[in-house]
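S.K.: What follows is a predicted protein model with its sequence.
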Amino acid sequence: MTDYRQHYGFSIDPFDIEPDPEFFFPSESHSEALAALLYGINHRKGFALVLGDAGIGKTTLIRRAMRELGPKVRSVFIPQSGIPYEQLLKDILLKLSVPQRGDTKGAMLHDLYGYLIRCLEQDENAAIFLDEAHDISLEVIEEVRLLANLETSKSKLLQLVLAGRPELMEKLRSDVIRQIKQRIVISCRIEAMTDAESRQYIDHRLRIAGSSGAAVFTEKALSMICRLAKGNPLALNILCRNALEAGYALSEKPVSAAAVKMVQHEKDLMPGEAVRKRISAGRHRRLRNTALACLIGAGAALAGFLLGTDGAKRIFPQPRSLELAEQKPFKEEGKTPALPREAAPTEKESPADLSVLPRPSPQEEIHIKNIVAVKKGENLHVLSQQYYGEPNTMFMDRILELNPDITDPNVILVGQKIRIPEITASLLVIESSRGIFKVHIGTFLNREVALQYGDRAAQSGKDVEVVSRKVSQTETWYRVLAGPFAGREEGLDFLDDLTKKELLPFSYSR
């Protein structure tokens, strides 16, 4: 349990940014959208559309709808819709436990149709929820239309829900896919909450966690939080979590408006020494490094939201650089850390002694792409984008492995020198001390996403496991490893095969 949870008497974290149907708050807009979805699915209307800005609660709404639909509706949740159509069909069949008799689109559609007919005969329904649907290409949207053709003369066999940001509607207006618009029967847009609803939202989450808004925040603090968040649930969560960390650091009960001011914007975050100077001498000085790290991480995520950062990047707090008056010089280590020696069973936390691998042999030495001095405003997310072309957690993981001085991915120092590795195939094929080879095929911030990707990768015929990796005192990432392989060449061939099948979530140099 984190310190601020103990300090304020919470049984669980009230402002976790992971979508959780337990915390679903029925604002007027969310309630209408939920009712429309349930009606459309239960009455077999076919296509439904849910629109809303990033952080507005679309994923939480979907998960709540899936829970309320009950066992008679076979629900499938696709968290990232920007994948090839063939892979989408494979994922749907896999999650519905439908045996796949062929890899062609026609064969997979035939398998799905047979399954849906059996569901209809048993008075059952099936619903596919495509989240982040704004990432779907026009070509795939047109292909998705074929799924809507799975029907009898009297009934729609498959219910499809597209959930995404408003730009999804712009795609649907394209003449290229005009036919799909005619099939959308249910369409709803989730709007920002009112000030009164924002207050009720905060109180709702606090009560689930064992408290209430009046006991945790002062009236001025609540007013400031609601004004800054502008009715967006994700922004409310980040602001409240920031403020709780600041309030704990200041030993406040309830949290004051002054604590909210400390975290209202990225520019207001200061090094630990500067924050301590703002705490009066009579206050208890408990501003610990873990609290500061959480402040910085959550603050960066909030700043990203307020500045219009891409929604997919807002789901998890982005690390940021921290400027300090005194900085320890960067020490070059003689040993290069790598991946776990052996992967632990799926969903099992890997032991501490599995955190690093032996130093690569000379022919497998890590190639350094660059050595950079961190500038103000830079973080691992920015460095990954700059040197690899995308902010992939896999790349950030490899940077962490090569830079043991970074003990928390959410805190890097201005002026700190960071080695940027070349992501090569040889780097991804790992040999343990026992001579066993495994391939590192992905790293994810979320365990569920890692497990879902592991399921897809396992279709290649190799064993796949998810290994938890604790990257700080408060954060765990999840690595996906495949193997074992008889030798390095077999591992390299496996990587090539995944790449050809478009199953690898990142690119690498051969």
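M.R.: Okay, I see it. Numbers count the residues shown, from 1 in each chain.

S.K.: who's in contact with Ser137?
M.R.: Counting by Cβ atoms under 8 Å, 6 or more residues apart in numbering, Ser137 touches Gly82. C-beta coordinates here come from the backbone N, C-alpha and C atoms, glycine included.

S.K.: any idea how far it is from Ala127?
M.R.: Shown here: Ser137 relative to Ala127, a distance of 23 Å by Cβ to Cβ, to the nearest Å.

S.K.: mind saving the C-alpha coords of the helix or strand containing His381 as PDB?
M.R.: Taking DSSP states H and E as the definition, His381 sits inside helix 380-388. What follows is helix 380-388 as a C-alpha-only set of coordinates in PDB (Å, rounded to 0.1, in the frame of the first residue of the first chain):
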ATOM      1  CA  LEU A 380      12.400   8.200 -21.900                       C
ATOM      2  CA  HIS A 381       9.200   8.700 -23.900                       C
ATOM      3  CA  VAL A 382      10.700  11.500 -25.900                       C
ATOM      4  CA  LEU A 383      14.000   9.700 -26.300                       C
ATOM      5  CA  SER A 384      12.300   6.600 -27.600                       C
ATOM      6  CA  GLN A 385      10.300   8.700 -30.100                       C
ATOM      7  CA  GLN A 386      13.500  10.600 -31.200                       C
ATOM      8  CA  TYR A 387      15.800   7.700 -31.700                       C
ATOM      9  CA  TYR A 388      13.400   4.900 -32.700                       C
END
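
S.K.: got the contact list for it?
M.R.: Under the contact criterion Cβ under 8 Å, 6+ apart, helix 380-388 has outside partners 313, 318-319, 369-370, 372, 390-392, 395-396, 399-400, 406, 409, 412, 418, 420, 423, 506-507.

S.K.: Next step: these restricted to strands.
M.R.: Restricting the contacts of helix 380-388 to those inside strands, with DSSP state E as the criterion, leaves 369-370, 372, 412, 418, 420.

S.K.: So which of those residues wins on neighbours?
M.R.: Neighbour counts for the ones in strands among the contacts of helix 380-388 were taken using other Cβ atoms under 10 Å; the highest belongs to Ile412, which has 23 neighbours.

S.K.: Just to check, it is in contact with Ala373?
M.R.: No. In this structure, Ile412 is not within contact of Ala373 by Cβ atoms under 8 Å, at 10.9 Å.

S.K.: shared neighbours, these two?
M.R.: Ile418.

S.K.: so the closest residue to Ala192 other than its chain neighbours, which of the three states?
M.R.: Spatially, and ignoring its direct neighbours in sequence, Ala192 is nearest to Gly231 (3.2 Å; Cβ to Cβ, 6 or more residues apart in numbering). When the structure is split into helix, strand and coil by DSSP: H, G, I helix; E, B strand; the rest coil, Gly231 lands in coil.

S.K.: Now do the same contact list for Gly231.
M.R.: By Cβ under 8 Å, 6+ apart, the contact set of Gly231 is 191-195, 197-198.

S.K.: now for those, which pair is the farthest apart?
M.R.: The widest separation within the contacts of Gly231, taken as Cβ to Cβ, falls between Glu191 and Asp195 and amounts to 13.3 Å.

S.K.: ok, those two, which is more surrounded?
M.R.: Relative neighbour count places Glu191 above the other of Glu191 and Asp195, with 17 against 14, counting by other Cβ under 10 Å.
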